[in-house]
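**Q** Quick one: sequence and predicted model below, then my questions.
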Amino acid sequence: MTTARSTAGSSRLPGWLYVLFLTLLATATDEFIIAGVLPRIAGDLGVSVSAAGQLVTVFAVVYALGAPTLAVVCERFARRTVTAAGLALFVVANVAAALAPGYWWLLAARVVAALCAAVVTAAAFATAAAGAPKDAQGRYLGVVTAGMTAALFTGVPVGSWLGGAFGWRATFWLIAAVGALATVGVLATAPAVPGGEPAPLRRRLAPLREAAVLRVVAVTFLAASGGLMFYTYLGAYAAEVASDSYGLLSFLLFLVGAAGLAGALLAGRATDAWGPRRGLRLVLGGHALMLATAAALVFSGVHSTAVLAVVIGCWAVFAWGLNPPVQGSVLAAAGPEAGMTASALNISGLYLGTGVAGALGGAVVGTAGVRYVPVAATALLLCSFALALLPARSTGRIKRSAAAAAPRAAVK
């Protein structure tokens, strides 16, 4: 049986951490990959493109709402069991999507896949945090986060290519295959991280009443709303700065993915070096600064592809560096017993922020123009940063429960 902290004192990362990377790559890609084949799905199933687009919306909404709910139910089970079982059902859901005879069957399969992805993601983060050596939690969380980030620039291109070459159903077969591989990897390598003690529902819902946890979730929500608003309208923004550049958007999307991947790993190391709270402030401050720079650039009259690329690359490093310090912060606020529930609640804040980003950005574009998108995004990031600057206060409800369950909560 793999021992979670067997790598303490070693700079070499354990194999199970890369399995968790693959796990989150699969679950996150499942959300993005369908965007590249929406017209083909609409044509094959006889629905409008807008109706096909709801397959993306439903996945995100169900994911956001299901993450904390399912985490409460699964908190008492061993993390390896939760991750493997969730992945297995995730594979089944994607096979059902690949075989879907009609639109409503496909929509139902997406709902199940989203629920499974939600619980698997929370369990993966909890496993990485519990299995990390004391001074390397941020680094471990950074590697897991990198799986989600990599999905950002692999999902749509891979989905578009597969859809064109083999049909849209091939995209779901691919996700199912990667999910099956990850399931085997989790069963073979994941550390033995036990669940929490059996407890009344009131105690399991403690993170929902813990001010320190809710504040971190609010920080995540505001940061996601601002960062993803800018990302959603990146193409329109880039056209304002350098409209004559051929293939600019494709290059910028690749740049965002590569820089974001680096940002996730660097933020993990910064979290280990300075602690999750200081690391979070660094990331949020840098994010706000780069959005303000993007706002200044679009109003400056400078039309330079090179300057635009530098600004976007630096912005992406901070934007996708959020997860390691924010997950470390919410886990520290909740304590080990409620870690999975708190992590899931934070993921829910991230996805709700993503949903708000598109709607709020659309309102800004419709009323003031795309130039004001980075201005609005900067305002949201400044609010997030200000909230993160507040001194940490906790009622201690979760930590007292964790202390009582300490003998069981220790990693085996």
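**A** Yep, it's here. Worth saying up front: this structure is predicted, and the values here are computed from it rather than measured.
**Q** C-alpha from now on. contacts and neighbour counts both.
**A** Noted.
**Q** quick one: contacts for the residue nearest the centre of the chain?
**A** In the chain, the residue lying closest to the centroid (CA atoms, centre = their mean) is residue 148, at 5.6 Å. Each residue near residue 148 by CA atoms under 8 Å, 6 or more residues apart in numbering is listed here: 21, 24-25, 27-29.
**Q** ok, which pair from the residues you listed is furthest apart?
**A** Greatest spatial distance among the contacts of residue 148 (CA to CA): 21 and 29, at 11.9 Å.
**Q** Spit out the contact partners of residue 328.
**A** Per CA under 8 Å, 6+ apart, neighbours of residue 328: 129, 137-138, 141, 271, 276.
**Q** For it, pull up the helix or strand it's in.
**A** In the assignment (DSSP states H and E), residue 328 maps to helix 323-334.
**Q** buried ones in the strand or helix carrying residue 186?
**A** Using DSSP H and E, residue 186 sits within helix 169-189. Within helix 169-189, the residues that count as buried by 16 or more other CA atoms under 10 Å are 169-176, 178-183, 185-187, 189.
**Q** before we move on, what about stretch 376-393?
**A** Buried residues in stretch 376-393 (16+ other CA under 10 Å): 376-385, 387-388.
**Q** Reformat these as a markdown table; add secondary structure.
**A** What follows is those, written out as a markdown table (DSSP: H, G, I helix; E, B strand; the rest coil):
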| residue | secondary structure |
| --- | --- |
| 376 | helix |
| 377 | helix |
| 378 | helix |
| 379 | helix |
| 380 | helix |
| 381 | helix |
| 382 | helix |
| 383 | helix |
| 384 | helix |
| 385 | helix |
| 387 | helix |
| 388 | helix |
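**Q** between the residues you listed, which is nearest residue 95?
**A** residue 377 (38.4 Å).
**Q** For residue 286, see how far away that closest one is.
**A** Distance from residue 377 to residue 286, counting by CA to CA, to the nearest Å: 13 Å.
**Q** Next one, pLDDT for residue 16 please.
**A** Listed pLDDT for residue 16 reads 92.
**Q** Now do the helix or strand it falls within: which elements does it pack against?
**A** In this structure, residue 16 is located in helix 15-32 according to DSSP H and E. Helix 15-32 sits against helix 49-74, helix 103-131, helix 137-166, helix 169-189, with contacts defined as 3 or more CA pairs under 8 Å, 6 or more residues apart in numbering; DSSP states H and E.
**Q** for whatever helix or strand comes next after that helix, what is the average pLDDT?
**A** Sequence-wise, the next helix or strand downstream of helix 15-32 (DSSP H and E) is helix 38-45. Averaging pLDDT along helix 38-45 gives 87.
**Q** Can you point out the buried residues in helix 38-45?
**A** Within helix 38-45, the residues that count as buried by 16+ other CA under 10 Å are 38-42.
**Q** measure the closest residue to residue 64 other than its chain neighbours to residue 76 for me?
**A** Closest residue to residue 64 apart from its sequence neighbours, by CA to CA, 6 or more residues apart in numbering: residue 348 at 4.2 Å. Using CA to CA, one gets 20 Å for the distance from residue 348 to residue 76.
**Q** Quick one: low-confidence residue ranges for the stretch 201-350 of the chain.
**A** 201-208, 243-247, 335-339 (pLDDT under 70).
**Q** Swap in 50 and give it another go.
**A** Along the stretch 201-350 of the chain, no part satisfies pLDDT under 50.
**Q** what about residue 356, how many neighbours?
**A** 18 (other CA atoms under 10 Å).
**Q** Please tell me I have it right and it contacts residue 226.
**A** No - assessed by CA atoms under 8 Å, residue 356 is found out of contact with residue 226, at 9.1 Å.
**Q** Would you check that residue 135 makes contact with residue 270?
**A** No - the pair residue 135 / residue 270 is not scored as a contact, 11.1 Å apart, by CA under 8 Å.
**Q** Compare these two (neighbour count), which wins?
**A** Ranked by neighbour count (other CA under 10 Å), residue 135 and residue 270 place residue 270 first, with 23 against 14.
**Q** what's near enough to touch the more buried one?
**A** Neighbours of residue 270 in contact, by CA under 8 Å, 6+ apart: 138, 279.
**Q** CA atoms only: put stretch 114-128 into CSV for me.
**A** Listed next in CSV are the C-alpha coordinates belonging to stretch 114-128 (Å, rounded to 0.1, in the frame of the first residue of the first chain):
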residue,chain,number,x,y,z
ALA,A,114,-20.5,16.6,-13.9
LEU,A,115,-21.5,15.2,-10.5
CYS,A,116,-18.7,12.6,-10.7
ALA,A,117,-16.1,15.2,-11.8
ALA,A,118,-17.1,17.4,-8.9
VAL,A,119,-16.6,14.8,-6.2
VAL,A,120,-13.4,13.5,-7.9
THR,A,121,-11.8,16.9,-8.0
ALA,A,122,-12.5,17.6,-4.4
ALA,A,123,-11.1,14.2,-3.4
ALA,A,124,-8.0,14.7,-5.5
PHE,A,125,-7.2,18.0,-3.9
ALA,A,126,-7.8,16.6,-0.4
THR,A,127,-5.5,13.6,-1.2
ALA,A,128,-2.7,15.8,-2.6
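**Q** Check what contacts it and list those residues.
**A** 17, 20, 24, 27-28, 59-60, 62-64, 66-67, 70-71, 79-80, 82-83, 86-87, 89-90, 137, 140-141, 144, 191, 193, 327, 339-341, 343-344, 347.
**Q** ok so, going back, ok, the residue nearest to residue 64 to residue 88 distance?
**A** 22 Å.
**Q** May I see the buried residues of stretch 355-371?
**A** 355-358, 360-362, 364-365, 370-371.
**Q** As JSON lines, the residues you listed with distance to residue 34 would be great.
**A** Shown next, in JSON lines, are the buried residues of stretch 355-371 (distance: CA to CA, whole Å):
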{"residue": "355", "distance to residue 34": "17"}
{"residue": "356", "distance to residue 34": "20"}
{"residue": "357", "distance to residue 34": "20"}
{"residue": "358", "distance to residue 34": "18"}
{"residue": "360", "distance to residue 34": "23"}
{"residue": "361", "distance to residue 34": "22"}
{"residue": "362", "distance to residue 34": "22"}
{"residue": "364", "distance to residue 34": "27"}
{"residue": "365", "distance to residue 34": "26"}
{"residue": "370", "distance to residue 34": "26"}
{"residue": "371", "distance to residue 34": "29"}
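**Q** so which of those comes closest to residue 318?
**A** Closest to residue 318, out of all of those and judged by CA to CA, is residue 357, at 17.2 Å.
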